[in-house]
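Trainee: here you go, sequence then predicted model.
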Amino acid sequence: ADLEEGWEQRESRKEKGVFYYVHTKSGKTQLEPPLKNKKRKAPWPMLPGVTTSPKKAVGGGGDGGLFDGLPEAVVETVDAKKSEAVPEVKKPVTHVRCLHLLKKHTGSRRPSSWREKVITRTLEEAKFQVKEMRKNIAAKATPKERQAEFEKLARNESDCSSAREGGSLGKFGRGQMQPTFEAAAFQLDVNEISNLVISDSGVHIILRLE
């Protein structure tokens with residue numbers, strides 16, 4: 001038989017007729033004849049589920065495995081929470097329901113109201129008054145208390161005819177209010193109070209309810 005280079009066949013001294021094979025350089029011995037051109041059996045691949053780290057290289061590595069010579073594929077563990085996290089897409093707001101409180105001044109489009117036939121306060125005075133009322137509302141602990149305080153102040157202090165309804169404007173959509181007022185109202189979250197809003201009518205604060 002044609003043995004691979006460096007191998008010799010030898011007979012066992014203890015058992016006549018039993019042969020083994022020795023690699024003369026390395027001293028390695030084996031019973032199976034190392035024949036030329038004989039295909040070696042590849043070792044079994046690692047059993048599924050056997051791993052020592054979160055990342056495992058499959059194939060490659062030059063270790064004579066079943067996938068030896070193939071490019072390595074890295075299997076990574078996946079964080080279940082991350083894979084399930086879907087960013088929440090907010091629906092565009094088309095309508096809001098708000099309360100508002102208005103203080104007019106001498107520069108208002110119509111410096112008159114149900115409270116005062118002729119309004120004489122300046123813009124700065126109107127800003128100061130509205131700012132103080134906003135502080136009182138914001139100081140309340142809960143949304144319900146803030147709404148109650150807002151409605152009370154609107155009934156007594158607002159220069160808008162909505163004062164009799166506690167400042168309620170009901171539900172309105174885009175394009176129904178003055179641009180600066182609309183922009184402020186649609187930017188609010190539910191139960192949020194706006195900062196001072198200046199429009200042609202005067203100085204406002206807005207509380208969004210829906």
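Mentor: Good, I have the coordinates.
Trainee: show the subsequent helix or strand relative to the lengthiest strand in the chain.
Mentor: Counting by DSSP state E, the longest strand found in the chain is strand 95-103. Later in the chain than strand 95-103, the nearest helix or strand by DSSP states H and E is helix 123-138.
Trainee: list the helices and strands that following helix packs on?
Mentor: In terms of contacts (3 or more Cβ pairs under 8 Å, 6 or more residues apart in numbering; DSSP states H and E), helix 123-138 is packed against strand 95-103, helix 143-157, strand 203-208. Backbone N, C-alpha and C define where each C-beta goes, glycine included.
Trainee: send me the last one as PDB with only the CA atoms.
Mentor: Extracted in PDB, the C-alpha atoms of strand 203-208 (Å, rounded to 0.1, in the frame of the first residue of the first chain):
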ATOM      1  CA  VAL A 203     -51.700  89.100  26.300                       C
ATOM      2  CA  HIS A 204     -52.900  85.600  26.900                       C
ATOM      3  CA  ILE A 205     -52.200  82.400  28.800                       C
ATOM      4  CA  ILE A 206     -53.600  79.100  27.600                       C
ATOM      5  CA  LEU A 207     -54.300  75.800  29.400                       C
ATOM      6  CA  ARG A 208     -54.800  72.800  27.100                       C
END
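Trainee: average model confidence for that strand?
Mentor: Mean pLDDT, strand 203-208: 97.
Trainee: could you list the low-pLDDT ranges of the chain?
Mentor: Residue ranges of the chain with pLDDT under 70: 1, 38-89.
Trainee: just to revisit the earlier point, so which of the helices and strands packed on helix 123-138 is the most packed in?
Mentor: strand 203-208 (a mean of 25; mean count of other Cβ atoms under 10 Å).
Trainee: what's it packed up against?
Mentor: strand 95-103, helix 123-138, helix 143-157, helix 179-187, strand 197-198.
Trainee: could you point out which of the ones you listed sits nearest residue 19?
Mentor: Closest approach to residue 19 among these is made by helix 179-187 (92.4 Å; Cβ to Cβ).
Trainee: so residue 108 touches residue 200, yeah?
Mentor: Yes - contact criterion Cβ atoms under 8 Å: residue 108 and residue 200 qualify, at 7.2 Å.
Trainee: between the two, who's got more neighbours?
Mentor: Using other Cβ atoms under 10 Å, the more surrounded residue of residue 108 and residue 200 is residue 108, with 21 against 12.
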